[in-house]
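*Asks:* Predicted structure and sequence below. I'll ask about it afterward.
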Amino acid sequence: MYLDSAIIVKLLTDEDDSGFFQRTLDGMALGSSELSLPEVFSALLCKERTRRISRAQRTRAWTVFNERVVLKQIEILPLDPGIFGKARNLLETCHSRVALRTLDALHLAACDLSRDFPLCTTDRRMREAAEILNIPLFPESLPLS
């Protein structure tokens with residue numbers, strides 16, 4: 001299963017739907033692209049800056065993430081040159097129906113090229129693009145109960 005960075009943050013911090021993802025994804029083979037490294041760190045810094053987590057919680061979450069990567073609980077897929085061309089194609093394919101962001105297109109391209117399905121995301125634009133591209137999604141529908 002391919003995780004977007006926001007799902008990784010849900011696994012590391014307390015958000016409304018964190019419990020669902022922590023329970024459901026426990027023990028599953030998980031992957032994400034190298035993009036998740038700076039994106040997760042940035043999201044944790046934002047949570048600290050907005051006082052949703054403390055510095056100690058941010059540091060601990062980042063340590064846990066890195067431990068999961070080292071232990072291959074989350075496999076990090078390299079951003080090879082083919083991903084950039086694929087992302088450009090996905091942006092063009094989706095552009096008239098979904099205003100796909102660059103980093104989201106790179107995540108979608110990494111997921112598609114790695115065939116690490118389903119894509120686990122709660123991001124509306126990524127989900128709409130994945131449906132256009134016939135990329136399986138988890139969870140199958142939103143909102144979560």
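*Replies:* Received it, and whenever you're ready, just let me know what you need. Residues are numbered from 1 along each chain as shown.
*Asks:* Any stretches of the protein with poor pLDDT?
*Replies:* Residue ranges of the chain with pLDDT under 70: 144-145.
*Asks:* any idea where the strands of it begin and end?
*Replies:* 2-3, 30-33, 74-77, 119-120, 137-138 (DSSP state E).
*Asks:* Against which helices or strands is the third one packed?
*Replies:* Applying 3 or more C-beta pairs under 8 Å, 6 or more residues apart in numbering; DSSP states H and E, one finds that strand 74-77 contacts strand 30-33, helix 36-49, helix 55-70. The C-beta positions use only the backbone N, C-alpha and C, and glycine is treated the same way.
*Asks:* what does that strand contact?
*Replies:* Residues from elsewhere that reach strand 74-77 (C-beta atoms under 8 Å, 6 or more residues apart in numbering): 3, 8, 29-34, 36-37, 65, 68-69, 110, 114, 116.
*Asks:* Same list (the strands of the chain) but as JSON lines, adding distance to Arg51.
*Replies:* Putting the strands of the chain into JSON lines (distance: least, C-beta to C-beta, whole Å) gives the following:
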{"stretch": "strand 2-3", "distance to Arg51": "26"}
{"stretch": "strand 30-33", "distance to Arg51": "27"}
{"stretch": "strand 74-77", "distance to Arg51": "27"}
{"stretch": "strand 119-120", "distance to Arg51": "28"}
{"stretch": "strand 137-138", "distance to Arg51": "31"}
